[in-house]
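Chemist: Quick one, what's the 3D model for this:
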Amino acid sequence: MVRQTRTVRRFEEEKTVTAELLKGLVDTARLSGSARNGQVLKYMLVTEKEQRDLVFPLLGWAGYLSDWKGPGPGEQPAAYVLCLLDNELVKGSENEAHFDCGIATQSMLLAAAEQGVYGCRIGAFAKNIDTVLNVAAPLSVMLVLALGYPAETVVLEEVGNDGRIQYWRDEQGIHHVPKRTLEDVLIETTS
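Modeler: Residues are numbered from 1 along each chain as shown. From the prediction side, this is the model:
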């Protein structure tokens, strides 16, 4: 599932992701590990077109693709899950909440991929996102998970001799993601 679960940034926008499917993803996330079992995350589902149209312009897309401003009409996400930090529940370091958010969103993406839905974690968003979406204190948007049925192909390849890890798109629009080899990341113990 990890090999299959790739970040997707272009979607079949008109193909609905149901609220029921999204609730199932949140249910999976809530069962995931949490630092000190703090369970400091809450979630907001965004499915209606009017709400999605509020969210989309607040997002930054694909930092390595500087000439691409995000999915075009018909390729935008069919749904979003907003990962919210409950600031009243954060007792330790906010870094622990970032770990929780990573674990929760990976759980959601794996569960979604089992159902043919893919997504993109987005941490680059406008500072006024809480205000625009009426997210009230003590909650604040920590991460946006864009979701939908994929309208692009993503392939993994080994990092080349040049060491470049930047993802890229070829002339056919196929999204290439270089990954370091096992030998590059596995460090042997010394005696």
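Chemist: list the helices and strands the lowest-mean-pLDDT helix or strand in the chain packs on?
Modeler: When the helices and strands of the chain are compared on mean pLDDT, DSSP states H and E, strand 168-169 comes out lowest with a mean of 88. The contact analysis (3 or more CB pairs under 8 Å, 6 or more residues apart in numbering; DSSP states H and E) places strand 168-169 against strand 175-179. Every C-beta, even on glycine, is put in place using the N, C-alpha and C of the backbone.
Chemist: what sits up against the next helix or strand along the chain from the strand it packs on?
Modeler: Past strand 175-179, heading to the C-terminal end, the next element that is a helix or strand (DSSP states H and E) is helix 182-185. Surrounding helix 182-185, the residues in contact under the criterion CB atoms under 8 Å, 6 or more residues apart in numbering are V159.
Chemist: where do the strands sit along the chain?
Modeler: 41-46, 79-86, 118-122, 139-148, 154-158, 168-169, 175-179 (DSSP state E).
Chemist: Return the set of buried residues in stretch 149-161.
Modeler: For stretch 149-161, the buried set under the neighbour-count rule, 16 or more other CB atoms under 10 Å, comprises 149-152, 154.
Chemist: Make JSON lines out of the strands of the chain and add distance to S34.
Modeler: Conversion of the strands of the chain to JSON lines gives the following (distance: least, CB to CB, whole Å):
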{"stretch": "strand 41-46", "distance to S34": "8"}
{"stretch": "strand 79-86", "distance to S34": "12"}
{"stretch": "strand 118-122", "distance to S34": "18"}
{"stretch": "strand 139-148", "distance to S34": "14"}
{"stretch": "strand 154-158", "distance to S34": "29"}
{"stretch": "strand 168-169", "distance to S34": "35"}
{"stretch": "strand 175-179", "distance to S34": "28"}
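Chemist: what pairs with the residue nearest to V135 when sequence neighbours are not counted across the strands?
Modeler: What sits nearest to V135 in space, not counting adjacent residues and going by CB to CB, 6 or more residues apart in numbering, is V141, at 5.8 Å. In this entry, V141 is beta-bridged to L84, by DSSP bridges.
Chemist: How about the contacts made by V141?
Modeler: For V141, the contacting residues are 82-85, 125, 129-130, 133, 135, by CB under 8 Å, 6+ apart.
Chemist: just the buried members of those?
Modeler: Among these, those that count as buried by neighbour count (16+ other CB under 10 Å) are 82-85, 125, 129-130, 133.
Chemist: where does the protein have low pLDDT?
Modeler: The chain contains residues with pLDDT under 70 at 92-93.
Chemist: Helices along that one, start to end?
Modeler: Taking DSSP state H as the test, the helices found in the chain are 19-30, 49-55, 94-113, 129-132, 182-185.
Chemist: No further queries at this time; thank you.
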